[in-house]
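Q: heads up, no residue letters with this:
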């Protein structure tokens, strides 16, 4: 906000009016001051004049002056002290509205000078006979803690808050819980690495639990959210208690406020972990579905938050909404961000019995106007084909229909998707290849081109004019994008290995161009490798380049199991909406390292077991994923190697090594970094950093440089787009190469 | 929790803002729109929540305004987004319309409301009826000072004591909205009924009410057999006055109502419904010259009911011109702003059907590679004295300690939901329609 030129005239007028002898005139002047403040003009100079009007019986005027103070107290710290008297007096006013207002405003002033005067009135307000004042005071303690934690501890406010959990008024209880939770998280997250202060920690004991469960049914909607959040943090003693909590929380599913519903879902999901009675578990899951569906009738923004959370819940418990796919069908007027989330969930919920309805919807979407949505719909058709084998043929037919529309972006996306279908069901739908190739001239997007080239290379022996088609791309080799170059290179080599007689010339030409005229080191190096391989041992080349590839699959989860578990425990929060742990998007800046360390220590103290368990899961998951990655090595190399290689890779990741050695500063952080590397599956929708993925795929020896640097050198995606699946496939042969040498 | 709440115009300029916590400087509000534009430029979608440099931006749209909340923590996104909607609702109830002008004119009271509705980033009271009791536009005219209504913190936070009416009455409106999606080949792809029970309560004192519906689950649990049809509600939501645990136990809907108008409950049924109003269109398009429509509407409900204010929106190409209409009943208008024509029928009797024809000219030059939008046909209507689901109010018991008699009135109505649409076939009509 800029101060435009000298505005003395206006401010002077205001100051005159503020000192007027007429009440109405003064009040009007205050309003004008606030108006100027609202539009961003600097009226801090009028501080003393405004302050004079603080002492008044007119509640509205008082509120305006308070508002002014909140905004400018920081700029005039030495003048704020003049307001103290009125504040203290107001906190003794017979009208509870005024008492609460004084307490609330003093907490907002954030001026050192005034803070010391806050303690006495606050002390009284916490014991006020009026619940409205008490609920305001409870939050004020949290405000005070934010400013000067020592004062809260010295004055025994924390003990008082703990007593207030038993308050007869549910709203007071709710705000008290909110305040205690706030103080708890502030003291654990923000304090430098001193030992965790037990007095500020908010441990929910069994007696507290019972009080919360009682208050839950009586307080306002927002109070319920605060209480449910606290219930989610409670560590149940045994399965009986967990069941009890679930049963008490379930009625909240019927609440009209969506955030109460989501908070209740969170609590149930957390305590469900300990529920042993299978019948109850089923019942709880069943009761969860209808309220989640109802959230889809909310305004679009709320729908979106709900959809992101539903997506997570489905990853954890796919059975929740298994019969509800239709409710996720897109409405014509849904905003794009809602439609995209719905698509993802629809594919998740697809099974043999509902796939027909899904496909006819997806086909419908593919003819809408929004290019982005159309592309995603086409992609969804491909995912469905990969997911449900029985429906693959229907999907292919739908794709052919779409290709027949000859709408450029539909065709290109369909071709990319067809490639994935070929990777899942090799040699099944060769009949469609001519149709795909017929569209060759219309392709202008690198990914579509690369996909088609991959298909041509893969089925070179069955396509009669494969060499002609590839010649086209070899002719324009230097003008193409790198992913296309890489694909062309590989496809031509495949062609040569399959039809050595007719393609001698073309392979020579492409290797020449790639090694001499190409400015991408990846392309050049790959060409050299192929060249040497072909010239030294054609048989080895064949077994490497034409090796059997494992079919792709759709990952059931988009986040790692441990992260998923963490996010499920935070349903409704930003973390669960972003699908990222909170640490990744909350910039702690200067506090980062300390806070992390502290957290690690704490976790080690509190739940060493669970950390270790998570660790094991991670290691297990990692290995199995690696095995998957390496599974396509030709059997001639021996299966034993892959397992070994996987473990070595694991050790070579600094984070993983830390984990194993147990010296990690923050387990979570490391989990994240590991999963960042692993989670990239060809079909996964989330873009993951490509470099590390590539590094991973190479089976780095333990002594190798940190993943990023090495990977960066080898990654084919110079254009910045995420690794296209065929490229990744292409890395496999090279892996084998490394193995051979 | 939110650190700051602001209302911005479409250019991203803050009209009013209130800071609740210190951790996010007010200047971040002005970064919001540039960030939105950046995201759009990158070809990404702008989602209601996003994070940038450690600050989380949560926002909703309301007509030409953004309502924005900022936070540095892993806040409860659902709570904040719903709070912003609630703030909108309260402001609308205060000023009828929420737009730039009403904000400028009422900034004083908006500051007051923002102060009362959220404290230190935690939502507090968001019931506009209660707020209106102690935050009024004419507060300075009052001789007596306002005090916080008991209701703000009471266990019964939605009703004040000492309400008196000479005549005690309750009006119940059962409103069912039908959402429906019909495919081009005439199959119902998706249908749902969203029901709401709205109440107008003019009752004295602190009355205890109990509402009885023909709820299948309740009949089953109490072992009673229903006379007539019982319905199975898939999900029920209640106003906060209803005792949820009581409902969970024995399906009793018991409550102390707020005074005046409110929505007692809403429910959802996804039992398949056949389209009450069926519309199909045969479209014959001659690219570069004209396009012709034959639209048929059919009322697929009992003869004794009537649909009122039926409006059928049939989409046409953006560049269609010189409309000509001929309808067997009602009136037809071209609505170029919606790229559609509207067929309005004041009253459509059950089992009746009508035809209409439309003719449009098309420009001879067409932009290359233009996709037809193919928006679906949408329909608006209301059918009084009728519910699709068959829900019925069996009784409404009113007990107050003074023992007065009160009269309950019940009305039923069925109407279109926000998505009652029928897709059209690509080119030629799907069903043969005989010419008029």
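A: Everything's here; your move. The structure displayed is predicted, hence computed values, not measured ones.

Q: Nearest to chain B within the stretch 201-350 of chain A, name that residue for me.
A: residue A:290 (3.4 Å; CB to the nearest CB). Quick note: C-beta positions are derived from backbone N, CA and C, even for glycine.

Q: A helix includes that residue, no?
A: Yes. Applying DSSP: H, G, I helix; E, B strand; the rest coil, one finds residue A:290 inside a helix.

Q: which residues sit in contact with the closest residue to it other than its chain neighbours?
A: Distances taken as CB to CB, 6 or more residues apart in numbering or on different chains place residue B:235 nearest to residue A:290, at 3.4 Å, with adjacent residues excluded. By CB atoms under 8 Å, 6 or more residues apart in numbering or on different chains, the contact set of residue B:235 is A:254, A:290, A:291, A:293, A:294, B:267, B:268.

Q: which residues pair with residue B:235 across the strands?
A: Bridge pairing for residue B:235 (DSSP bridges) gives the partners residue B:268.

Q: Now do it against residue B:124, distance only.
A: Distance, residue B:235 to residue B:124, using CB to CB, to the nearest Å: 28 Å.

Q: what does the stretch 151-300 of chain B put close to chain A?
A: B:152-155, B:157, B:181, B:183-184, B:189-190, B:192, B:194, B:234-240, B:243-245, B:247-248, B:266, B:268, B:270 (CB under 8 Å from any CB of the partner chain).

Q: low-scoring stretches of the chain, by residue?
A: All of this refers to chain A. A:1-8, A:190-198, A:587-741 (pLDDT under 70).

Q: Hmm, no, I was thinking of chain B.
A: Residue ranges of chain B with pLDDT under 70: B:137-156, B:224-228, B:366-373, B:426-436.

Q: that older thread, just to check, the residue of the stretch 201-350 of chain A closest to chain B is in contact with residue B:268?
A: Yes. In this structure, residue A:290 is within contact of residue B:268 by CB atoms under 8 Å, at 7.2 Å.

Q: Name the residues contacting each of the two.
A: Residues touching both residue A:290 and residue B:268 (CB under 8 Å, 6+ apart): B:234, B:235.

Q: Quick check, the residue in the stretch 101-250 of chain B closest to chain A?
A: For the stretch 101-250 of chain B, the nearest residue to chain A under the criterion CB to the nearest CB is residue B:235, separated by 3.4 Å.

Q: Validate this expectation: residue A:456 resides in a helix.
A: Yes. Per three-state DSSP, residue A:456 lies within a helix segment.

Q: Can you name the residues that contact it?
A: Here residue A:456 is in contact with A:437, A:463, A:466, A:469, A:470, A:491, A:495 (CB under 8 Å, 6+ apart).

Q: How about residue B:170, nearest residue that isn't a chain neighbour?
A: Leaving aside its sequence neighbours, residue B:170 sits nearest to residue B:408 (CB to CB, 6+ apart; 4.6 Å).

Q: Output the contacting helices and strands for the host helix or strand of the one you found.
A: Per DSSP states H and E: residue B:408 is located in strand B:407-422. Packing contacts for strand B:407-422, counted by 3 or more CB pairs under 8 Å, 6 or more residues apart in numbering or on different chains; DSSP states H and E, involve strand B:169-182, strand B:277-286, strand B:377-384, strand B:393-399.

Q: can you state the direction angle for it and strand B:169-182?
A: On the basis of axes from the mean of the first three to the mean of the last three CA atoms, to 10 degrees, strand B:407-422 is oriented at 10 degrees to strand B:169-182.

Q: Please list all residues in contact with residue 77.
A: Chain wasn't specified; assuming chain A. Residue A:77 neighbours (CB under 8 Å, 6+ apart): A:111, A:112, A:113.

Q: nope, chain B please
A: By CB under 8 Å, 6+ apart, residue B:77 lies in contact with A:305, A:572, A:573, A:574, A:576, A:577, B:49, B:58.

Q: for residue B:7, what are its contacts?
A: The neighbours of residue B:7, taking CB under 8 Å, 6+ apart as the test, are B:14, B:15, B:16, B:17, B:65, B:66, B:67, B:68, B:103, B:110.

Q: Select from these every entry located in helices.
A: Using DSSP state H, B:103, B:110 are the members of the contacts of residue B:7 that sit in helices.

Q: what's the burial count for residue A:253?
A: Residue A:253 sits with 24 neighbouring residues when counted by other CB atoms under 10 Å in any protein chain shown.

Q: what's the distance between the residue lying closest to it once chain neighbours are set aside and residue A:540?
A: Excluding its sequence neighbours, the residue lying closest to residue A:253 (CB to CB, 6+ apart) is residue A:291, at 4.4 Å. Separation of residue A:291 from residue A:540 (CB to CB) stands at 60 Å.

Q: who has more neighbours, these two?
A: Each of residue A:291 and residue A:540 has its neighbours counted (other CB under 10 Å); residue A:291 has more, 25 against 16.
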